[in-house]
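**Q** What follows is a protein structure lacking sequence information:
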Ligand code: TYD
(Lines give C-alpha, C1' and ligand atoms only; values in the text may rest on other atoms or scores of the structure.)
Protein backbone atom coordinates (compact mmCIF):
# COMPACT_ATOMS: atom_id res chain seq x y z
CA UNK A 1 0.00 0.00 0.00
CA UNK A 2 2.76 2.43 1.00
CA UNK A 3 4.74 1.47 -2.07
CA UNK A 4 1.68 2.11 -4.17
CA UNK A 5 1.23 5.60 -2.70
CA UNK A 6 4.84 6.55 -3.26
CA UNK A 7 4.55 5.45 -6.88
CA UNK A 8 1.59 7.76 -7.28
CA UNK A 9 3.39 10.77 -5.83
CA UNK A 10 6.49 10.05 -7.92
CA UNK A 11 4.32 9.96 -11.00
CA UNK A 12 2.68 13.25 -10.03
CA UNK A 13 6.09 14.90 -9.60
CA UNK A 14 7.00 14.21 -13.22
CA UNK A 15 3.65 15.05 -14.78
CA UNK A 16 4.52 16.24 -18.30
CA UNK A 17 3.40 19.62 -19.61
CA UNK A 18 -0.20 19.62 -20.90
CA UNK A 19 -0.34 18.78 -24.57
CA UNK A 20 -0.52 21.85 -26.80
CA UNK A 21 -3.18 22.58 -29.40
CA UNK A 22 -2.74 22.41 -33.16
CA UNK A 23 -4.01 25.29 -35.34
CA UNK A 24 -3.74 25.31 -39.12
CA UNK A 25 -4.00 28.29 -41.50
CA UNK A 26 -5.17 27.61 -45.04
CA UNK A 27 -6.07 29.73 -48.04
CA UNK A 28 -5.10 30.57 -51.61
CA UNK A 29 -1.92 32.53 -52.38
CA UNK A 30 -2.45 36.15 -51.40
CA UNK A 31 -5.14 35.35 -48.80
CA UNK A 32 -2.94 36.64 -45.97
CA UNK A 33 -2.75 33.38 -44.02
CA UNK A 34 1.02 33.62 -43.38
CA UNK A 35 0.63 37.11 -41.94
CA UNK A 36 -2.26 36.05 -39.70
CA UNK A 37 -0.37 32.94 -38.51
CA UNK A 38 2.61 35.13 -37.60
CA UNK A 39 0.36 37.60 -35.75
CA UNK A 40 -1.19 34.76 -33.74
CA UNK A 41 2.28 33.53 -32.81
CA UNK A 42 3.27 37.04 -31.68
CA UNK A 43 0.11 37.35 -29.58
CA UNK A 44 0.75 33.96 -28.02
CA UNK A 45 4.29 34.95 -27.09
CA UNK A 46 3.11 38.31 -25.72
CA UNK A 47 0.65 36.37 -23.53
CA UNK A 48 3.49 34.14 -22.28
CA UNK A 49 2.09 31.06 -24.01
CA UNK A 50 4.35 28.42 -25.47
CA UNK A 51 3.91 28.56 -29.22
CA UNK A 52 5.70 27.24 -32.30
CA UNK A 53 5.14 28.88 -35.70
CA UNK A 54 5.80 26.51 -38.57
CA UNK A 55 4.95 26.17 -42.27
CA UNK A 56 4.73 23.85 -45.23
CA UNK A 57 6.63 23.45 -47.45
CA UNK A 58 9.10 23.23 -44.55
CA UNK A 59 12.59 24.68 -44.46
CA UNK A 60 14.11 21.19 -44.15
CA UNK A 61 16.06 19.28 -46.81
CA UNK A 62 12.82 17.73 -48.03
CA UNK A 63 11.19 21.16 -48.21
CA UNK A 64 14.10 22.10 -50.50
CA UNK A 65 13.22 19.06 -52.62
CA UNK A 66 9.62 20.28 -52.79
CA UNK A 67 10.74 23.67 -54.10
CA UNK A 68 13.07 21.99 -56.57
CA UNK A 69 10.28 19.63 -57.62
CA UNK A 70 8.03 22.61 -58.31
CA UNK A 71 10.57 23.86 -60.80
CA UNK A 72 11.79 20.61 -62.28
CA UNK A 73 9.29 17.78 -61.85
CA UNK A 74 7.51 16.87 -65.03
CA UNK A 75 4.85 14.66 -63.42
CA UNK A 76 2.30 16.24 -61.07
CA UNK A 77 2.53 12.99 -59.06
CA UNK A 78 6.21 13.63 -58.27
CA UNK A 79 5.34 17.08 -56.99
CA UNK A 80 2.46 15.69 -54.94
CA UNK A 81 4.49 12.93 -53.34
CA UNK A 82 7.21 15.41 -52.38
CA UNK A 83 4.64 17.54 -50.51
CA UNK A 84 3.44 14.38 -48.84
CA UNK A 85 6.96 13.26 -47.85
CA UNK A 86 7.63 16.72 -46.43
CA UNK A 87 4.44 16.38 -44.36
CA UNK A 88 5.36 12.93 -43.04
CA UNK A 89 8.53 14.37 -41.51
CA UNK A 90 6.83 17.55 -40.37
CA UNK A 91 3.97 15.72 -38.63
CA UNK A 92 6.43 13.81 -36.44
CA UNK A 93 7.95 17.13 -35.40
CA UNK A 94 4.55 18.73 -34.78
CA UNK A 95 3.53 15.82 -32.55
CA UNK A 96 6.70 16.27 -30.50
CA UNK A 97 6.23 20.04 -30.14
CA UNK A 98 2.68 19.46 -28.89
CA UNK A 99 3.75 16.71 -26.52
CA UNK A 100 6.31 19.16 -25.09
CA UNK A 101 3.45 21.53 -24.24
CA UNK A 102 3.67 23.95 -27.19
CA UNK A 103 0.73 25.21 -29.20
CA UNK A 104 1.57 24.71 -32.87
CA UNK A 105 0.53 27.28 -35.49
CA UNK A 106 0.99 25.78 -38.94
CA UNK A 107 0.90 27.80 -42.16
CA UNK A 108 -0.53 25.24 -44.66
CA UNK A 109 -1.06 21.53 -43.95
CA UNK A 110 -2.93 18.63 -45.54
CA UNK A 111 -5.71 20.94 -46.79
CA UNK A 112 -3.20 22.60 -49.14
CA UNK A 113 -2.42 19.27 -50.76
CA UNK A 114 -6.07 18.29 -51.13
CA UNK A 115 -6.99 21.70 -52.54
CA UNK A 116 -3.99 22.43 -54.81
CA UNK A 117 -3.09 18.89 -55.90
CA UNK A 118 -6.80 18.13 -56.08
CA UNK A 119 -6.70 20.53 -59.02
CA UNK A 120 -3.41 19.43 -60.60
CA UNK A 121 -4.31 15.71 -60.37
CA UNK A 122 -7.86 16.06 -61.60
CA UNK A 123 -6.82 15.53 -65.24
CA UNK A 124 -5.30 12.19 -64.15
CA UNK A 125 -7.66 10.97 -61.43
CA UNK A 126 -10.87 12.79 -62.21
CA UNK A 127 -13.25 13.39 -59.31
CA UNK A 128 -11.44 10.81 -57.16
CA UNK A 129 -8.38 13.11 -56.82
CA UNK A 130 -9.32 14.75 -53.48
CA UNK A 131 -10.27 11.43 -51.83
CA UNK A 132 -7.11 9.75 -53.13
CA UNK A 133 -5.04 12.56 -51.63
CA UNK A 134 -6.85 12.27 -48.33
CA UNK A 135 -6.17 8.54 -48.20
CA UNK A 136 -2.49 8.93 -49.06
CA UNK A 137 -2.05 11.52 -46.31
CA UNK A 138 -4.11 9.75 -43.64
CA UNK A 139 -1.41 7.64 -41.92
CA UNK A 140 0.71 10.67 -41.04
CA UNK A 141 -1.63 13.59 -40.55
CA UNK A 142 -2.73 14.88 -37.20
CA UNK A 143 -6.21 16.22 -36.81
CA UNK A 144 -5.96 19.97 -36.12
CA UNK A 145 -7.96 21.43 -33.22
CA UNK A 146 -9.03 24.07 -35.74
CA UNK A 147 -8.26 24.87 -39.37
CA UNK A 148 -8.83 28.49 -40.37
CA UNK A 149 -9.66 29.05 -44.02
CA UNK A 150 -8.91 32.61 -45.14
CA UNK A 151 -11.62 33.22 -47.72
CA UNK A 152 -11.00 35.85 -50.37
CA UNK A 153 -12.00 36.37 -53.97
CA UNK A 154 -9.15 34.98 -56.12
CA UNK A 155 -9.05 38.17 -58.18
CA UNK A 156 -8.55 40.31 -55.03
CA UNK A 157 -5.91 37.87 -53.79
CA UNK A 158 -4.00 38.24 -57.05
CA UNK A 159 -4.22 41.98 -56.81
CA UNK A 160 -2.65 41.77 -53.36
CA UNK A 161 0.16 39.73 -54.87
CA UNK A 162 0.70 42.55 -57.36
CA UNK A 163 0.17 40.39 -60.43
CA UNK A 164 0.47 42.12 -63.76
CA UNK A 165 -2.14 41.73 -66.49
CA UNK A 166 -1.29 39.13 -69.14
CA UNK A 167 -1.53 35.47 -69.98
CA UNK A 168 0.32 34.29 -66.87
CA UNK A 169 -2.06 36.18 -64.63
CA UNK A 170 -5.03 34.76 -66.47
CA UNK A 171 -3.76 31.19 -66.04
CA UNK A 172 -2.93 31.71 -62.39
CA UNK A 173 -6.32 33.28 -61.71
CA UNK A 174 -8.07 30.37 -63.37
CA UNK A 175 -6.00 27.95 -61.26
CA UNK A 176 -6.68 29.79 -58.00
CA UNK A 177 -10.40 29.82 -58.75
CA UNK A 178 -10.33 26.03 -58.95
CA UNK A 179 -8.24 25.77 -55.77
CA UNK A 180 -10.72 28.08 -54.05
CA UNK A 181 -13.56 25.74 -55.04
CA UNK A 182 -11.69 22.72 -53.64
CA UNK A 183 -11.04 24.60 -50.40
CA UNK A 184 -14.71 25.49 -50.00
CA UNK A 185 -15.71 21.86 -50.48
CA UNK A 186 -13.13 20.78 -47.95
CA UNK A 187 -14.21 23.43 -45.47
CA UNK A 188 -17.69 21.99 -45.51
CA UNK A 189 -16.51 18.38 -45.20
CA UNK A 190 -13.97 18.97 -42.45
CA UNK A 191 -15.58 21.81 -40.50
CA UNK A 192 -12.98 24.48 -41.21
CA UNK A 193 -13.49 27.85 -39.55
CA UNK A 194 -14.24 30.31 -42.35
CA UNK A 195 -12.61 33.71 -41.97
CA UNK A 196 -13.49 36.65 -44.20
CA UNK A 197 -10.00 37.59 -45.35
CA UNK A 198 -11.22 40.60 -47.33
CA UNK A 199 -11.68 42.51 -44.05
CA UNK A 200 -8.93 44.78 -42.67
CA UNK A 201 -6.07 42.74 -41.21
CA UNK A 202 -6.79 43.73 -37.59
CA UNK A 203 -10.37 42.47 -37.89
CA UNK A 204 -9.20 39.21 -39.44
CA UNK A 205 -6.68 38.80 -36.62
CA UNK A 206 -9.35 39.46 -33.97
CA UNK A 207 -11.66 36.81 -35.45
CA UNK A 208 -8.92 34.18 -35.35
CA UNK A 209 -7.56 35.25 -31.96
CA UNK A 210 -11.03 34.87 -30.44
CA UNK A 211 -10.60 31.13 -30.96
CA UNK A 212 -6.84 30.66 -30.57
CA UNK A 213 -6.66 32.55 -27.27
CA UNK A 214 -8.85 29.97 -25.55
CA UNK A 215 -6.33 27.17 -26.04
CA UNK A 216 -5.62 26.01 -22.49
CA UNK A 217 -2.09 26.07 -21.12
P1 LIG B 1 3.12 29.49 -49.81
O2 LIG B 1 2.35 29.33 -48.56
O3 LIG B 1 2.59 30.46 -50.79
O4 LIG B 1 4.62 29.79 -49.44
P5 LIG B 1 5.46 31.11 -49.70
O6 LIG B 1 4.51 32.26 -49.82
O7 LIG B 1 6.31 31.20 -48.48
O8 LIG B 1 6.22 30.83 -50.96
O9 LIG B 1 3.25 28.04 -50.50
C10 LIG B 1 3.95 27.88 -51.69
C11 LIG B 1 3.10 27.19 -52.74
O12 LIG B 1 3.02 25.78 -52.49
C13 LIG B 1 1.67 27.69 -52.81
O14 LIG B 1 1.39 28.12 -54.12
C15 LIG B 1 0.83 26.49 -52.48
C16 LIG B 1 1.73 25.33 -52.78
N17 LIG B 1 1.41 24.08 -52.00
C18 LIG B 1 0.79 23.02 -52.63
O19 LIG B 1 0.45 23.08 -53.83
N20 LIG B 1 0.52 21.87 -51.93
C21 LIG B 1 0.89 21.74 -50.63
O22 LIG B 1 0.65 20.67 -50.02
C23 LIG B 1 1.54 22.84 -49.98
C24 LIG B 1 1.96 22.73 -48.53
C25 LIG B 1 1.78 24.00 -50.70
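**A** That came through, no problem. No experiment lies behind these values; they were computed from the predicted model shown. Numbers count the residues shown, from 1 in each chain.

**Q** did I read that right, residue 28 in a helix?
**A** No - under DSSP: H, G, I helix; E, B strand; the rest coil, residue 28 falls outside any helix and is assigned coil.

**Q** In this structure it contacts residue 157, no?
**A** Yes - in this structure, residue 28 is within contact of residue 157 by C-beta atoms under 8 Å, at 5.4 Å. Placement of C-beta: from N, CA and C, glycine included.

**Q** who has more neighbours, these two?
**A** residue 28 (27 against 24; other C-beta atoms under 10 Å).

**Q** Which residue is the nearest non-sequential neighbour of the more buried one?
**A** residue 176 (4.9 Å; C-beta to C-beta, 6 or more residues apart in numbering).

**Q** Determine the set of other helices and strands touching the helix or strand harbouring that neighbour.
**A** If you go by DSSP states H and E, residue 176 is part of helix 167-190. Judged by 3 or more C-beta pairs under 8 Å, 6 or more residues apart in numbering; DSSP states H and E, helix 167-190 is in contact with helix 110-112, helix 118-120, helix 129-137, strand 146-151, helix 154-160.

**Q** Now do the buried residues in stretch 53-63.
**A** Buried residues in stretch 53-63, defined by neighbour count with 16 or more other C-beta atoms under 10 Å: 53-58, 62-63.

**Q** same deal with stretch 115-135?
**A** Residues 115-122, 125, 129-130, 132-134 are the ones in stretch 115-135 that count as buried (16+ other C-beta under 10 Å).

**Q** For the residue lying closest to residue 216 once chain neighbours are set aside, give its distance to residue 217.
**A** Spatial nearest neighbour of residue 216, excluding adjacent residues (C-beta to C-beta, 6+ apart): residue 18 at 6.7 Å. Using C-beta to C-beta, to the nearest Å, residue 18 is found at 7 Å from residue 217.

**Q** Between these two, tell me which one has more neighbours.
**A** Taking neighbours as other C-beta under 10 Å, residue 18 and residue 217 compare with residue 217 leading, 16 against 11.

**Q** Next one: the spatially closest residue to that one that is not a sequence neighbour from residue 142, what distance?
**A** Leaving aside its chain neighbours, residue 217 sits nearest to residue 49 (5.3 Å; criterion: C-beta to C-beta, 6+ apart). Applying C-beta to C-beta, the value for residue 49 to residue 142 is 19 Å.

**Q** before we move on, what about residue 196?
**A** For residue 196, the distance to residue 142 - C-beta to C-beta - is 27 Å.

**Q** pLDDT wise, what is residue 122 at?
**A** Residue 122 is assigned 97 on the pLDDT scale.

**Q** where's the residue in the chain that the ligand sits nearest to relative to residue 41, distance?
**A** Closest residue of the chain to the ligand, C-beta to the nearest ligand atom: residue 116 (3.1 Å). Distance, residue 116 to residue 41, using C-beta to C-beta: 24 Å.

**Q** again, but for residue 33
**A** Where residue 41 is concerned, residue 33 sits at a distance of 13 Å (C-beta to C-beta).

**Q** and if you look at residue 53?
**A** Taking C-beta to C-beta, one finds residue 53 at 4 Å from residue 41.
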